[in-house]
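Student: Quick check, what structure comes out for this input:
(chains A and B)
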Amino acid sequence: MISENDAAARRASDPVTQEPILEAEHLKKSYGGRPALRDLSFTLAPGRILGFLGPNGAGKTTSIRILTTILEPDEGHFAIAGISSRYPERIRARIGVLPESQGYPKEMTGIDYLVYFGQHYGWTSSEARQIGWALLEVVGLQHRARSLIGSYSRGMRQRLGIARALVNDPAVVFLDEPTLGLDPRGQQELLALIRRIARERGAAVILCSHLLSEIESVCDDVVILSVGQVVARGSVTEVIGQARGNGVRIQVPLSAVAEAEQVLEALPDVIRVVPKGQGSGWIQVELLDGAPEDNTANNAVLEALIQAKIPILTFEAEGSRLQEVFLQLTEEAIR
Amino acid sequence: MSEAAIAHRGRIDRAGSWRLVLARELADLWLGGKALVLLTLFSILLGVTAYLMATNNELRLIPIKEIAYLMLKLTVAFGIFMSLIIGADSISGERERGTLEGLLLTPTSRRQIVIGKFLAALSPWPPAFVIAIPLIAVLCRDSQVVSWALLWGGILGTILVVGVTGLAMLVSFWSSSNRTSIAVSLIIYLVFLLPTQFPGQAQTGAFGDLLQKWNPLEASNVFLAKVIVNNRSVEEMASWLLAPILFAVLTLGLLFLYASPGLRLEPGRARTRANWGRAASFAAIAWLPITLALSFAMTLPTAAATSSESPVQIAVDREWATARTGDEVEFTTLVTNAGSETSPPLIVAMNIINLQGEVVDPEDWSPQRTQSIEPLAAGASIEHTWTIDAILKGDYMVYMVVVPQPAGPESTSVPVASSGIHLTVTPFTRINPRGVLPLAVGIPLGLTASTALLRWRRRRAIAAGEGEA
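Tutor: Residues are numbered from 1 along each chain as shown, chains lettered A, B, ... in the order given. Take a look at the predicted model:
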């Protein structure tokens, strides 16, 4: 299981010092004159997990297909593990991909599926079998190795797809919506697996997902795309910091809502206090804009409540969640 | 793993990767049951046709050579149909099932992928031809034509199957959905069959030659018919081989040199609208068997009905006969010149009338219905033996006519008829005509059993897999 603290701790302790394993420069792609990707540039270091975010039609799938050599860019260039995008077959030997709408041959067993793909990467049949068994163990499917894929659940197929993406010991792994359609437990297990891939194999991972909490909990870096262009790029902490934070949300016991409103309205930095959600105990506090990273007003709100001995059930600073940053930035881009 | 990984990266065998794709596609096609189901259908169709042909041959309706040709024609037509279905599914089907992307993401080159798929799509043709061999050999066992027919049927069938597979894969290459790909491939196939359905006049002259000679399917049929049935030499008919060979070379060139290096996830061209695809698919699927049946029916032997004073007399040696269908009835005629002068040359002809008024095609009833007699001296007689094949149950009158040759263009003569032979034919069905029944039943049964066994094993494997869950 991955906690947000784990992810945050890793983000803080793993400064990007290594040479990038993936470098993309000014990638552009249009379909019949309609631009799908306007200008994508970013780098990714080994062992890092990059979240690829964007609303539908933002250009995520086009980006992934270009970087995995399924599509050719109209302009721009990229390199993976030092191999230029001019050599797509060599690049394909160094990447592992779980496409979003991956289909599986129902008549094959899990192990035969991995052996088949292993052989495409140059392994002999026995080498590929050995690797296949090891990978099935990594993704927790060793007990179903000899079952037909037709009998696998969706989660098992996703895990098999990840095993296939690792069969060539790739330098960069692309996972497009890997948790789509999985139950919460399945999602957690898969995210833990992705984390292990980056940590134990040193592979860079590019994770495309609509679930922002998923990206926030597991990713080190993030690229947010909107209408074909990059609207934010950097570590998760940096990107969250780009959001305008001008308020806090507090939850107190219902009996203390009136008193808390009174206390907060008396504070100098508070513009307005608005109770939210009737009978929920939530209070929205609008604050004067301060300098970035300046938490004085937030601290003043907390101190005032503590001094008034009002129990604080929840405290959230606005703009501290990736979801808010995402919504803000993508809405701005559309406007 | 990483050390081994570093070692293996230098030795990715791209040139041989088509074998991996071929092995995978063969497993999918054969163990998945699709090829076996198609072959089972083919064996049932061929078995029924062989049985009907054997029955007709027992009744002497179809000559042996023609049976060999018709059986080969059917085999090649089904071979083409199978490669069309499999070829049309090979790329667009993977697009639709979402399995193409995984393959395109491997270092295996696009051309290697297409080569593997192409060879797999050809795989049902050799077994289909092998299924036809014993049936044709048993049906035509008294004829020298078998090996010759099989040789040329095999060669032309292979050329056509290669060409049609290439064509279907090209269509599949440019199609986003399987339905569109199969519908378009079947429509192209029907366009090839269309000229054979034109009225006879449209198939003669320079235009007719053009229609037939440059249509690979029709040119192959004409070649096989002339070489197997009409004893024409291969040299004489060589120009009819040009269209099928060019067709195969052209489709292979387009597939491997032009299309395959650019194989991608999206189809090469704009998408066909789904409704058009569905309508075309329905029309093609409904019309294909009808066109095949029409084409086959038109090749079955047809026949035209035929039927004229003097001292010459003709007598038959029996007044009546009874027979079962399939039996032969023999009788003799005695032609006598009762005059005092030598007769002119004479022609003796057989005629058969159905006493219920049904139409009789005399050609079906006797291989030799006329015999000529040199001028007959006065008082002389001559005897002839005749054979009738009782092919249909019913009540008949068989009578003979002797026709003196008229003296010149402006004269005539009076035909003289014999007394009639009342022929009663009772029905009789042979269960095993020409000994073809065991093969006609055994092969489809064997294939059905193999298909059922595969399905049972698969169900058991899935059940076992679910049990492990």
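
Student: low-scoring stretches of the stretch 301-450 of chain B, by residue?
Tutor: Regions of the stretch 301-450 of chain B meeting the criterion pLDDT under 70 cover residues B:301-310, B:429-430.

Student: Show me the strands in it, by range?
Tutor: Counting by DSSP state E, counting those that start in this stretch, the segments of the stretch 301-450 of chain B that form strands are B:312-316, B:320-324, B:328-337, B:346-354, B:370-373, B:381-389, B:394-404, B:416-417, B:421-426.

Student: Check those for me and report the most buried one.
Tutor: Scoring the strands of the stretch 301-450 of chain B by mean neighbour count under mean count of other Cβ atoms under 10 Å in any protein chain shown gives strand B:394-404 as the most buried, with a mean of 20. Quick note: C-beta positions are derived from backbone N, CA and C, even for glycine.

Student: returning to what we had before: format the strands of the stretch 301-450 of chain B as JSON lines; extra columns: distance to B:Leu241.
Tutor: Listed next are those as JSON lines, based on distance: least, Cβ to Cβ, whole Å:
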{"stretch": "strand B:312-316", "distance to B:Leu241": "51"}
{"stretch": "strand B:320-324", "distance to B:Leu241": "45"}
{"stretch": "strand B:328-337", "distance to B:Leu241": "41"}
{"stretch": "strand B:346-354", "distance to B:Leu241": "42"}
{"stretch": "strand B:370-373", "distance to B:Leu241": "39"}
{"stretch": "strand B:381-389", "distance to B:Leu241": "37"}
{"stretch": "strand B:394-404", "distance to B:Leu241": "46"}
{"stretch": "strand B:416-417", "distance to B:Leu241": "52"}
{"stretch": "strand B:421-426", "distance to B:Leu241": "45"}
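
Student: Which secondary structure state does the residue of the stretch 251-400 of chain B found nearest chain A sit in?
Tutor: Closest approach between the stretch 251-400 of chain B and chain A, counting by Cβ to the nearest Cβ: B:Leu265, at 5.5 Å. Under DSSP: H, G, I helix; E, B strand; the rest coil, the three-state class of B:Leu265 is coil.

Student: doesn't A:Ile70 make contact with it?
Tutor: Yes - look at B:Leu265 against A:Ile70 with Cβ atoms under 8 Å: they come within range, at 5.5 Å.

Student: between the strands of the stretch 301-450 of chain B, which gets nearest to B:Ala243?
Tutor: Of all the strands of the stretch 301-450 of chain B, it is strand B:381-389 that lies closest to B:Ala243, at 39.0 Å by Cβ to Cβ.

Student: Does anything pack onto the closest one? Which helices or strands?
Tutor: Under the contact criterion of 3 or more Cβ pairs under 8 Å, 6 or more residues apart in numbering or on different chains; DSSP states H and E, strand B:381-389 touches strand B:328-337, strand B:346-354, helix B:362-365.

Student: So for B:Ala452, which of those sits nearest?
Tutor: From the helices and strands packed on strand B:381-389, taking Cβ to Cβ, the stretch that ends up closest is helix B:362-365, at 41.6 Å.

Student: in the closest one, what counts as buried?
Tutor: Burial within helix B:362-365, assessed by neighbour count using 16 or more other Cβ atoms under 10 Å in any protein chain shown, is assigned to B:362, B:364-365.

Student: For the one residue sitting closest to the centre of chain A, which non-adjacent residue is spatially closest?
Tutor: Closest residue to the average C-alpha location of chain A: A:Ile215 at 2.7 Å, with Cα atoms, centre = their mean. Of all residues not flanking A:Ile215 in the chain, A:Gly51 sits nearest, at 3.5 Å (Cβ to Cβ, 6 or more residues apart in numbering or on different chains).

Student: I'd assumed A:Ser209 was in contact with that neighbour.
Tutor: Yes - with contacts counted by Cβ under 8 Å, A:Gly51 reaches A:Ser209, the gap being 6.8 Å.

Student: contacting residues for the residue in the stretch 301-450 of chain B positioned nearest to chain A?
Tutor: The stretch 301-450 of chain B approaches chain A most closely through B:Ser450 (15.8 Å), counting by Cβ to the nearest Cβ. By Cβ atoms under 8 Å, 6 or more residues apart in numbering or on different chains, the contact set of B:Ser450 is B:Leu36.

Student: Report the separation between the residue nearest to A:Glu19 when sequence neighbours are not counted and chain B.
Tutor: Among residues not flanking A:Glu19 along the chain, A:Ala45 sits closest, at 7.3 Å (Cβ to Cβ, 6+ apart). Separation of A:Ala45 from chain B (Cβ to the nearest Cβ, to the nearest Å) stands at 18 Å.

Student: try A:Ala300
Tutor: 53 Å.

Student: got it, and A:Glu214?
Tutor: 23 Å.

Student: residues near whichever residue of the stretch 51-200 of chain B sits closest to chain A, how many?
Tutor: Nearest to chain A in the stretch 51-200 of chain B, going by Cβ to the nearest Cβ, is B:Gly98, at a distance of 2.7 Å. When neighbours are counted by other Cβ atoms under 10 Å in any protein chain shown, B:Gly98 registers 15.

Student: Also B:Glu101?
Tutor: By other Cβ under 10 Å, the burial measure for B:Glu101, its neighbour count, is 20.

Student: In space, what's closest to it - neighbours in sequence excluded?
Tutor: In space, and not counting its chain neighbours, B:Glu101 is closest to A:Pro99: 4.8 Å by Cβ to Cβ, 6+ apart.

Student: I'd like the distance between the one you found and A:Arg195.
Tutor: 21 Å (Cβ to Cβ, to the nearest Å).

Student: Same drill for these two, tell me which one is more crowded.
Tutor: A:Pro99 (25 against 20).

Student: show me what contacts that one?
Tutor: Applying Cβ under 8 Å, 6+ apart, the residues near A:Pro99 are A:176, B:98, B:101-102, B:105.

Student: Spell out whether stretch B:75-90 and chain A are in contact.
Tutor: No - against chain A, stretch B:75-90 shows no contacts by Cβ under 8 Å from any Cβ of the partner chain, the least distance being 13.6 Å.

Student: Quick check: mean pLDDT of that stretch?
Tutor: On average, the pLDDT along stretch B:75-90 is 93.

Student: Could you chop chain B up by domain?
Tutor: Domains of chain B are assigned by automatic domain parsing as B:3-298, B:313-426.

Student: Report the distance from the first one to the chain centre.
Tutor: Looking back up the chat, that one is domain B:3-298. 14 Å (Cα atoms, centre = their mean, to the nearest Å).

Student: ditto for the last one
Tutor: Per Cα atoms, centre = their mean, the displacement of domain B:313-426 from the mean C-alpha position of its chain is 37 Å.
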